[in-house]
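Enquirer: Here's my sequence, what's the structure:
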Amino acid sequence: MSALISLKKLKKVFSTEEVDTHALSDIDLEIKSGEYVCISGPSGCGKSTLLSILGLLDTPSGGSFILNGTDVCELDAKQRADVRKKEVGFVFQSFNLISDLTVEENVELPLTYRKELSKAERESMVANALEKVDMAHRRKHYPSQLSGGQQQRVAVARAVVGNPSIILADEPTGNLDSKNAEQVMSLLDQLHGEGATICMVTHDPRGVKRAKRSVEIFDGRVVADSSLSRPKKTEQSEKELATEATVA
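Expert: Residues are numbered from 1 along each chain as shown. Predicted coordinates for the structure are as follows:
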């Protein structure tokens with residue numbers, strides 16, 4: 001299977017008059033469709049910078065970045081914005097809901113930039129997204145009328161409403177208590193189970209354990225990349241285990 005995201009020797013340098021800060025150095029990373037990847041590391045290691053580049057909110061200083069077959073390093077700002085609208089859904093720590101818009105208006109917002117969609121199509125997509133996160137009954141409410149966990153559910157609905165190729169979650173439980181954090185993580189589990197590709201940045205070790213793959217960043221470099229999923233038992237392996245137990 002070809003990679004949904006492919007980074008080769010990716011670099012990001014922030015330059016000032018005094019010094020060049022190398023936020024990312026020679027990042028090689030592939031994410032395949034359907035994966036659930038967690039990016040972790042200490043504060044200032046570069047993980048949020050990496051997520052911003054993956055979401056086309058920032059541009060690399062060097063290297064290559066292929067997203068769903070498109071070399072995004074060759075795109076201008078408008079072209080990157082067009083790709084971002086269709087390919088990427090965001091979930092932020094601070095929810096980033098607009099206070100004077102209702103729940104359904106907040107969720108619909110990313111779709112309003114897609115001129116190929118009719119009003120009826122947008123309404124149907126919003127309804128489906130709110131059903132996924134169990135917030136359809138709150139569609140006419142405003143963010144101030146919701147709990148933190150409910151606001152994050154709405155933010156997740158906004159991220160998935162356009163059927164993006166990948167969901168990028170930046171500390172999605174950072175502003176939530178343990179109960180609401182668990183509910184949001186369960187929701188991400190559910191979306192992954194339905195086929196969503198998720199890339200999450202988190203400090204929370206509980207979040208790392210929920211992902212299927214862990215990528216660790218330190219000083220702007222990938223220092224570890226491992227699968228967290230257990231191998232499935234096959235019929236053959238179960239027979240072998242049974243035979244070994246009988247012999248023993």
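
Enquirer: does the residue positioned nearest the centre of the chain sit in a helix, a strand or a coil?
Expert: Centroid-nearest residue in the chain, with C-alpha atoms, centre = their mean: Leu168, separated by 2.0 Å. Three-state assignment for Leu168 (DSSP: H, G, I helix; E, B strand; the rest coil): strand.

Enquirer: Would you agree it is in contact with Thr197?
Expert: No - using C-beta atoms under 8 Å, Leu168 makes no contact with Thr197, being 9.7 Å away. In short, each C-beta sits where N, CA and C put it, glycine included.

Enquirer: any chance you could map the strands in the chain?
Expert: In the chain, the strands defined using DSSP state E lie at 3-15, 20-32, 36-40, 62-67, 70-71, 88-92, 166-170, 198-201, 213-218, 221-227.

Enquirer: Looking at those, spot the one closest to Leu146.
Expert: Closest approach to Leu146 among these (C-beta to C-beta): strand 88-92, 15.4 Å.

Enquirer: quick one, the longest helix along the chain and strand 36-40 angle?
Expert: Ranked by residue count under DSSP state H, the longest helix found in the chain is helix 178-193. Relative orientation of helix 178-193 and strand 36-40, computed by axes from the mean of the first three to the mean of the last three C-alpha atoms, to 10 degrees: 130 degrees.

Enquirer: For stretch 44-51, C-alpha coordinates in CSV please.
Expert: These are the backbone C-alpha positions of stretch 44-51, laid out as CSV (Å, rounded to 0.1, in the frame of the first residue of the first chain):
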residue,chain,number,x,y,z
GLY,A,44,10.0,22.0,22.4
CYS,A,45,11.1,18.9,20.6
GLY,A,46,9.4,19.8,17.3
LYS,A,47,6.2,17.7,17.4
SER,A,48,3.8,20.6,17.1
THR,A,49,5.9,22.1,14.3
LEU,A,50,5.7,18.7,12.5
LEU,A,51,1.9,18.6,12.9
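
Enquirer: what comes up buried for that stretch?
Expert: The neighbour-count check on stretch 44-51 (16 or more other C-beta atoms under 10 Å) flags Cys45, Gly46, Lys47, Ser48, Thr49, Leu50, Leu51 as buried.

Enquirer: what's the burial count for the closest residue to the first one other than its chain neighbours?
Expert: The reference is to Cys45. The spatially closest residue to Cys45, leaving aside those adjacent along the chain, is Ile217, at 4.6 Å (C-beta to C-beta, 6 or more residues apart in numbering). Neighbour count for Ile217, taken as other C-beta atoms under 10 Å: 23.

Enquirer: what number of residues lie near the nearest residue to Asp58 once chain neighbours are set aside?
Expert: Closest residue in space to Asp58, ignoring its immediate chain neighbours: Ser52 at 4.1 Å, by C-beta to C-beta, 6+ apart. A count of nearby residues for Ser52, using other C-beta under 10 Å, gives 17.
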